[in-house]
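Visitor: sequence plus predicted model, see below.
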Amino acid sequence: MLNNKTLGLKRAQLKGALVQKTRRLARIEEYIREGCKKFEKFNDDQFFVAGLALYLAEGRKTQRVVFTNSDPRIIKFMLRWFKKFFKISSDQISFYVYINEIHRNREKIVVDYWSNYLRVLLSHFKRVTFIKSVQKKIYENHNTHYGTLHFEVLKSSDLLYRIKGLIEGLLQHRMLA
């Protein structure tokens, strides 16, 4: 049984933690406002460089154009980037979902999620790849986890060479400056 002193200490700790959380959330909100303000006038040149940098970080550099990420907003950003700067249409793209095998019973839900979020026909989605894992833990986000999406621009070897040339130009320019 807890005595009054211990209960008072626990209450003070909880109150302090709540104050810290409130301050942290307020700081995060302020940083989000700053970020949104900084990019209010996001122009095509900045969009182009941002997409190129994302491809440099997350895109395949061999054989053909492939981009992989688990953040739906990043995927949508890159699809818009390819459409705007390289005139790639949805018909030129195939989508693949990679997800842990514990989500096998959610396959349709997962593919429907990506299809709806990206406004892409289900016919553009290829097989779902289930990743085998020794770990069987079910996480809190189990029902809101949608795996990693991998999209491939079909017949894109020439586009890949073009992107690699642009990346090389970007890197060389910044190294010489």
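Guide: The structure has been received and is ready for your questions.
Visitor: now do the phi/psi pair for the most centrally placed residue in the chain.
Guide: Here the mean C-alpha position of the chain is nearest to the C-alpha of Asp71 (Cα atoms, centre = their mean), at a distance of 2.1 Å. Backbone torsions for Asp71, taken as degrees, to the nearest 10, come to phi -90, psi 110.
Visitor: and the gap between it and Met78?
Guide: Separation of Asp71 from Met78 (Cβ to Cβ, to the nearest Å): 10 Å. The C-beta positions use only the backbone N, C-alpha and C, and glycine is treated the same way.
Visitor: helix, strand, or coil at Arg127?
Guide: strand (DSSP: H, G, I helix; E, B strand; the rest coil).
Visitor: Tyr96 is in contact with that one, correct?
Guide: Yes. In this structure Arg127 lies within contact range of Tyr96 using Cβ atoms under 8 Å: 6.7 Å.
Visitor: the more surrounded of the two?
Guide: Tyr96 (17 against 8; other Cβ atoms under 10 Å).
Visitor: surely that one is within a strand?
Guide: Yes. Counting by three-state DSSP, Tyr96 is part of a strand.
Visitor: check what pLDDT it gets.
Guide: At Tyr96, the model reports a pLDDT of 97.
Visitor: could you check how far it is from Glu152?
Guide: 7 Å.
Visitor: now swap in Tyr117 and tell me
Guide: 18 Å.
Visitor: comparing the two, which shows the higher neighbour count?
Guide: Ranked by neighbour count (other Cβ under 10 Å), Tyr117 and Glu152 place Glu152 first, with 19 against 14.
Visitor: OK, contacts around that one?
Guide: 64-66, 93-96 (Cβ atoms under 8 Å, 6 or more residues apart in numbering).
Visitor: mind listing what the closest residue to Glu107 other than its chain neighbours touches?
Guide: Once flanking residues are discounted, Glu107 sits nearest to Val128: 5.3 Å by Cβ to Cβ, 6 or more residues apart in numbering. Residues counted as contacts of Val128 (Cβ under 8 Å, 6+ apart) are 96-99, 107, 110-111, 147.
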